[in-house]
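Q: curious how this folds, go ahead:
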Amino acid sequence: MPLPPDSPPDSQWALEPRLDSPVNKNPEVREAWPPAQEVSSIAGSIRITNITPDPITINKHDQFCQVTPILEAKPHVQPPDPVSKPTPPNPPFSEAIQVDPDNILPNDIRHQFHQLHLQYDNVFNPAIPRYNGASGDIKAVVNVGDSLPPPTKGPVTKLQQVYTCRTPTKV
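A: All right, here's what the predicted structure looks like:
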């Protein structure tokens, strides 16, 4: 079987059977053919031998096996880690809040406010994260005017036309 012209000459190939091929769907074949194996290419082609006691008929353009090249694994060299400078910690988002600019509150109350702001610092994050429903469902009211949307008109059958043309009569 010839190999693609850009394949390396005299190399190793992995051969695997295709279980969906007509060759392997034949009830006379007991095992998948050709068996999974490693084959060597010679002058740009490989040989697939039939080791079964019966002849196997292969029609033109039948895809009966998968042939892939075997490549050598190259050792992976880990690049050295560059010396990274420690990044300064990000300032808290609540840093811009001024607590008691007139110095009216005692220091312990002012400190409690700062601690509370640090505890809920994510509230002041300008990049708002998505809502997770922790405080309940979000409820909204949509005000709709008096006008209704235009009715959709689909295909009308003859029976529907007859019923819509009749006017109800009082009994």
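Q: going forward, measure contacts and count neighbours with C-alpha atoms only.
A: Will do.
Q: list the buried residues in the longest helix along the chain.
A: Longest helix in the chain, counting residues (DSSP state H): helix 107-119. Buried residues in helix 107-119, counted by 16 or more other Cα atoms under 10 Å: 114, 117-118.
Q: run a quick neighbour tally on Ile138.
A: 7 (other Cα atoms under 10 Å).
Q: next: Glu16.
A: There are 18 residues near Glu16, going by other Cα under 10 Å.
Q: residue numbering should commence at 844 henceforth.
A: Got it, first residue is 844 now, which makes that one Glu859.
Q: can you tell me the element it falls in?
A: Using DSSP states H and E, Glu859 sits within strand 855-860.
Q: buried sites along that strand?
A: 855-856, 858-860.
Q: next SSE downstream of it?
A: helix 865-868.
Q: list the buried residues for the next helix or strand after that following helix?
A: Next along the chain after helix 865-868, taking DSSP H and E as the criterion, comes strand 880-883. Neighbour counts over strand 880-883 (16+ other Cα under 10 Å) mark 882-883 as buried.
Q: mind giving me the domain split of the chain?
A: Domain ranges of the chain: 844-915, 936-967, per automatic domain parsing.
Q: start and end of the longest one, how far apart?
A: With Cα to Cα, to the nearest Å applied, domain 844-915 spans 23 Å between its terminal residues.
Q: okay if I get the buried residues of helix 950-962 as JSON lines plus pLDDT?
A: Listed next are the buried residues of helix 950-962 as JSON lines, based on pLDDT from 0 to 100:
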{"residue": "His957", "pLDDT": "90"}
{"residue": "His960", "pLDDT": "89"}
{"residue": "Leu961", "pLDDT": "89"}
